[in-house]
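here is my input; please provide its structure:
(3 chains)
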Amino acid sequence: MGDRTDPAGGGIAVADYDVVIVGAGPVGALLARELGDDGTQVLVLEAGPAAGRTWAEYQANVEQYLGSDAKVPNSPYYTPQYAPSPNVLDIRKLKDGVPSDAGYFVQKGPLPFSSDYLRSQGGTMLHWLATCLRMVPNDFEQQSRYGKGVDWPISYDELRAHYARAEFELGVSANVEDQAYLGITFPEDYVFPMVRIPPSYLDQHIANTINGSTVPLDGGDAKLLVSSTPQARNSIPNPDYDGGKGYRPRGAHGAPYEGLRCEGNSSCIPICPVQAKYNPLKTWEQVGPNVEVRTQCVVSQVLHLGKAGPVQGLEYIDYTDGAPPSKPERVTADLYILAGGSIENAKLLLGSDVPNTYDHIGRHLMDHPYVIAWASMPENIGAFRGPSSTSGIEILRDGSFRSDRAAFRMEIDNWGWDFCTFAPYTDVEAAVHGNGNGKGLFGSALRDHLADTVPRQFRFGFLYEQLPSRGNRVEVDNRYLDALGLPRPVITYDVDTYTRAGMAASRSLWEKLFAVLGAEDHTKFSPTDPGYLTHDGKPYTYHGAGHNVGTHRMGDHPENSVVDSYQRCWEHENLYLVGCGSLPTIATSNPSLTMTALIFRTLESLRDDLGIR
Amino acid sequence: MTASTTTPLETLREHLQTAIEIEWSTIPPYLCALWSLADGPNEYVAGNVEEVAMEEMLHLTLACNLLNAIGGRPRLVPDPVTQLPQPPSYPTYLPHSDDAFLVNLLPFSSEALETFCLIERPAAPGAPPEPGRYRTIAQFYAAVRELLDELGPDIFTGPPERQVDQRYYYGSGGEATAIHDRPSADGALEVIVDQGEGIPGESIWDADENVFGEGGELAHYFVFDELYRGRRYTKDDTPSSGPTGDPILLDYGSVLPMRPNPKAEDYAEGTELRELTETCNATYSRMLVELDAAFNGEPSRLVVAVQTMLQLRGESLALMRIPLGDGSGLNAGPAFQWRAPTAT
Amino acid sequence: MTEAPAQSFAALSAALTGFRVAELWGTGQVEPYLAAVLATVGDDVVARLLREGDEALGSPDPRQALQERVLDDDRLGPVARNVIVLWYLGQWDPLPQDWRNRFGASPLDVAGVVSPAAYRSGLVWRAIGAHPMGAEGPGYGSWATAPTLPAAG
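Next up, the predicted model:
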């Protein structure tokens, strides 16, 4: 569809749509619904396939997962040839100076960027864990308070009402009395839509043992408290929600009576079989007739005039797997919104040579390096039950130590050692094949051995903040192209001493906790691990947390940022870059709740621009 | 059925207790039919049978709510002293059905569907209910309505904390609403009757449109009827036209061939099948105990009751996959035999 | 082949896995697994396995006999261990190279989950008092209660 001229014959080009959104993930879904309901004509272009349009189609994804040999986050989902997604199976240990070319990313190092994402309708939120933590107020002022990172152009107080809206949209389960720590405040009568997901038996055991005790950290004594994790997972509705109006949990897309409560299927990542966990398909179901969604359409170019000013249009390639891709088509709109995720947004802008005067696009890429420490309890704590994580330690996420080392949050994980050792598969194989000593177990000896050891497995997962660094970035390079001839993301990534010092602090914590719990430490970090690094002579292996942020950060001035606090691009007034790429720092909370809250702030600016009130 | 000295309020409470017993008598046969489909590809069929089973659980809940609302006490397990009511032992006649037809535990089959149609049969238009001789569930609830009319609005004296609503009751069927007055009672009765039989004589679609604000769902009777006849009802069909839509493809070969009306006593003591069947009986019994508690002032007990029901499903499916090995080609199955819990 | 191969296979599998015969039938996988093993290693090996299994189980010390005649046997041991893994995880592991060299290689002898139903039926989850991840969720709140282990036969 090309430009139309004004039907009145004035010869003025009229845009094809009011708004074009790139990406049908969580951000695209909410924006499309809201703008569509306003009466705006919206086109959404999604690189990946349509997903879960019916309950049966979603169940086919579940079956694919159940039959998968490697149950990695993208395993349930179709990843088309022309819209590849990064896969954790492609992460390699990097050798000095030699980029790794495995899979979709090109990794220049020195360390591998270890997260994935999913290009699909529904986006990466199809396989998210659903942890929904608010940032703490000091997170927005990291530079002023601690001399590290940057300040956000907005404060917690300015985002607070949007957080509440996000908690409604995602359907968050939590008890408000558990969540007011480290300066996080709520309106007096605020409750979450649903009561907290019951803490697991493991959580309760740890809480009973350590709550109120302290651990020596940063030259002082840090108090410990296990708290329930707010999560977008259906639970018992809170009758006091919304001034007593209550809340109706939202079931599955296409099957409203499924998924009204978490059933403990224990596969949040990568797919909740009943959709008790929020996923964007539930929002896509609410989208009205003013919104047109085209899937399997990869946006290939942002058309511009080579200088600051309005974007002129987008080009996209409509493809069918197995067939040669079609020629790019052009579409125009009054407003353009890139919601493809932080790495795809940056890749598209850089590949289109969009003016980037202050050279921030693609830079300041951050993740939460994720270190796991694992151990065995003296008694059965019921490993492999429930959601992946129902509680954690949150009160260590802020403090004066942030002048010197990264803060972190600690997840208590319910699924044994699966992430660390591929338990229980490896436990079975080792027991049957005899651990190399020839005498494998069988029969009741095998069964008893597994019953005795595996249910005692537990682990802690640590998420550390990274500081924004210009050197951590996404670039494009014409030597590395995908099947459509479009550039693949080329990533340069490192973990600095600020973050490594945070890892060291967490080591003090986990060693103390294991000792207090009487647990046998089984943590092993191997130099052959792709994410292996050292600090102060001690080893750590980090994984990616799936939190890709920072590549088009917001700020209060075009010199120090790409977008303003409404996620509108400084240099291109009809272009919004939305999603986690706008976060100027990552702090310690899983970023999805903040990302969702920002959508409601962004809508204020979008509506102004569109003349909607 | 009732002595003339029983008050109308007591009569109403007895009727509602009977309603509860009728509902729980129909649930095990529906579950056996449903679960026998688990390993096969019959999604349309299984989905519809599941919906009916879930709606019966909603009806059970609403009947308990109504009985609690008028100051009564639902019983799902035998009173320790009187040993009443006894959970059904299959095959069974439905309570107060005048022994009209036997209900068996069967795998999904035309025979099962015939029975289900009889259970859900709409009242013939204008058919008056006869005390003690209700030919259909619809007639039974019509008698309940008459008693409510007779008793007036002041009978709703039950404590609100005994009501089970969408805090603890969830899943298909619709919303469980708390009952505290005649309008809410009527709403519940509407759900029960209309989901079951549809509006007598007029429509095959239930009143979901009015009651829950969603698109109309096929009333239970017609769910089973279209499966029995092997053809789908379309939006324009009526009870007299019958189903005129697409044929329903049924893969009977993949239905688990449970032998009808399994019993633990079918197997010798000490055998694995005996033990597994008794374990399943114990789980079923525990579920009834938990449901009884939930409907008697502890609604949060439904959380555990649902866990137990899921366990019951797993144990039942496992039994249904075990060949009897007696040359019949049939498999074992859940016996749904009540086993009184022993004090530990 | 023995007279009732499915029955022999179920009995042998029960002894190898530590679960009861009826429990294995209850997974629905007795016949599918027997068929998968037959297709991969062939009639001869399976016939030998079931015969040795029957005799071992009929002997005065079945555990000892199974160890000696099946698990320690060059030809039957690796297959028996694969059968255990098949039951516990629903997946087939490729046989060791020297087994393939001596007794034959098959294009079906590749690593992988046999089917979604096989994955769901994995005995490991039962053994540890849990459920297959992604299926058979025990219900809201179940993870908050004290863990139990199912009674072994």
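
pretty sure residue A:534 sits in a helix.
No - looking at residue A:534 with DSSP: H, G, I helix; E, B strand; the rest coil, it is strand, so not inside a helix.

that one and residue A:540 touch, don't they?
Yes - Residue A:534 lies in contact with residue A:540 (C-beta atoms under 8 Å); the separation is 7.1 Å. All C-beta atoms are positioned from the backbone trio N, CA, C, and that covers glycine.

ok, stretch B:241-261 near chain C or not?
No - Stretch B:241-261 stays out of contact with chain C when judged by C-beta under 8 Å from any C-beta of the partner chain, the minimum separation being 8.6 Å.

before we move on, which element is the residue lying closest to residue B:163 once chain neighbours are set aside in?
Taking C-beta to C-beta, 6 or more residues apart in numbering or on different chains as the measure, residue B:163 lies nearest to residue B:178, with 3.7 Å between them; neighbours along the chain are not counted. For residue B:178, there is no helix or strand it lies in under DSSP states H and E.

how close does residue B:178 sit to chain A?
The gap separating residue B:178 from chain A is 11 Å, by C-beta to the nearest C-beta, to the nearest Å.

ok, now residue B:284?
Summarising the geometry, the distance separating residue B:284 from chain A, computed by C-beta to the nearest C-beta, is 20 Å.

which element is that residue on?
With secondary structure defined by DSSP H and E, residue B:284 is part of helix B:272-294.

helices and strands around that helix, which ones?
helix B:301-320, helix C:21-26 (3 or more C-beta pairs under 8 Å, 6 or more residues apart in numbering or on different chains; DSSP states H and E).

a markdown table for those, including mean neighbour count?
As requested, these are exported to a markdown table (neighbours: other C-beta atoms under 10 Å in any protein chain shown):
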| stretch | mean neighbour count |
| --- | --- |
| helix B:301-320 | 22 |
| helix C:21-26 | 23 |
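
and those helices as CSV, adding mean pLDDT?
CSV is the format used below for the helices and strands packed on helix B:272-294 (pLDDT from 0 to 100):
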stretch, mean pLDDT
helix B:301-320, 97
helix C:21-26, 98
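
what about the residue of the stretch 151-300 of chain B found nearest chain C, how many neighbours?
In the stretch 151-300 of chain B, the residue found nearest to chain C is residue B:272; the distance is 3.7 Å by C-beta to the nearest C-beta. Residue neighbour count, defined by other C-beta atoms under 10 Å in any protein chain shown, stands at 18 for residue B:272.

now residue A:267
Residue A:267 - counted by other C-beta under 10 Å - has 23 other residues nearby.

separation between the closest residue to chain B within chain C and residue B:321?
Of all residues in chain C, the one sitting closest to chain B is residue C:26 (3.1 Å; C-beta to the nearest C-beta). With distances taken as C-beta to C-beta, to the nearest Å, residue C:26 is found 5 Å from residue B:321.

ok, residue A:264 next?
Computed with C-beta to C-beta, the distance linking residue A:264 and residue B:321 is 23 Å.

again, but for residue A:237
Summarising the geometry, the distance separating residue A:237 from residue B:321, computed by C-beta to C-beta, is 37 Å.

if you count neighbours, what's buried in the biggest helix by length in chain A?
Counting residues, the longest helix in chain A under DSSP state H turns out to be helix A:497-517. By neighbour count on 16 or more other C-beta atoms under 10 Å in any protein chain shown, the buried set for helix A:497-517 is A:498-507, A:509-510, A:512-514, A:517.
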